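Trainee: Just need the structure, nothing else, for what follows:
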Amino acid sequence: MFNEMAYPKSFSFEEFGAISTYAGKQRYAENHLKRLGSGSARVVYQIDDEKVLKLAKNRKGLAQNEVELDWGLQQYGTVAKIYESDEDKFYWLEMQLAKKLNVSDFESINEVSWKDYIKFLDILESKRNDARYKSNPKDEQLFEDLYENEYCSGMASMIGDYDMPIGDLRRKNSYGIVKNDGREDIVLVDFGLNKDVHYKYYSV
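Mentor: Numbers count the residues shown, from 1 in each chain. Take a look at the predicted model:
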């Protein structure tokens, strides 16, 4: 449920919503919220101890927000929770605040080494893109073993169902650590780049 009380008192969604430009919305957010990071398409601001605001900077950002707002993605348990959003124009969304991921956290929580996980993604990508692909027996055994891991199999299902490129999924800063029901989970915090968005906005 949307809770404007979670925002600083100086932040007004009525004022924010009335701003019609990317730059104007960004200036408003800069003046009222703590900036956590920025990419080529979006800026992330902290709302409180539980949520962040992802704000589009351009059409790429709108497209990525729209992808992340697909509620079907929430069913996989491998992405950060989405709370509220600008559902009409996709200027912004509220997402679960996540702690920065490091390799040791990934390995202790998911019981898989980061190196093996990246290998798993690479083999998965090869299998998707080349029906004739045959890995060597060692890699095939690794892939089969990791597919038994709940986290890896969940990621594989989501990647296949949503046609996600592997590139960004190989980067640690695409992930974060959240607490769900008192348990630490590794989730994707940047998952708006599917192949359609990549083709339209990044392959020029």
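Trainee: can we go C-alpha only for contacts and neighbour counts from here?
Mentor: Will do.
Trainee: So for stretch 137-155, mean pLDDT?
Mentor: For stretch 137-155, the mean per-residue pLDDT is 95.
Trainee: List the buried residues of it.
Mentor: Across stretch 137-155, burial judged by 16 or more other Cα atoms under 10 Å covers 143, 146-147, 151-152, 154-155.
Trainee: Show the secondary-structure elements that the helix or strand residue 177 falls within is packed against.
Mentor: Using DSSP states H and E, residue 177 maps to strand 175-180. For strand 175-180, the packing partners by 3 or more Cα pairs under 8 Å, 6 or more residues apart in numbering; DSSP states H and E come out as strand 99-100, strand 183-188.
Trainee: contacting residues for residue 194?
Mentor: By Cα atoms under 8 Å, 6 or more residues apart in numbering, the contact list for residue 194 reads 67, 162-165.
Trainee: Select from those residues every entry located in helices.
Mentor: Here DSSP state H is the test, and the contacts of residue 194 give 67, 162 as lying in helices.
Trainee: farthest pair in the contacts of residue 194?
Mentor: Spanning the widest gap among the contacts of residue 194 are 67 and 165, at 13.2 Å by Cα to Cα.
Trainee: overlap in contacts of those two?
Mentor: Here residue 67 and residue 165 have 193-194 as joint contacts, going by Cα under 8 Å, 6+ apart.
Trainee: Which members of the buried residues of stretch 137-155 occur in strands, if any?
Mentor: The members of those all map outside strands under DSSP state E.
Trainee: Report the rounded mean pLDDT for whichever strand or helix holds residue 109.
Mentor: Element membership of residue 109 [criterion: DSSP H and E] is helix 103-110. Mean pLDDT, helix 103-110: 96.
Trainee: could you check the angle helix 103-110 makes with the lengthiest helix in the chain?
Mentor: For the chain, the helix with the greatest residue count under DSSP H is helix 114-129. Relative orientation of helix 114-129 versus helix 103-110 (axes from the mean of the first three to the mean of the last three Cα atoms, to 10 degrees): 70 degrees.
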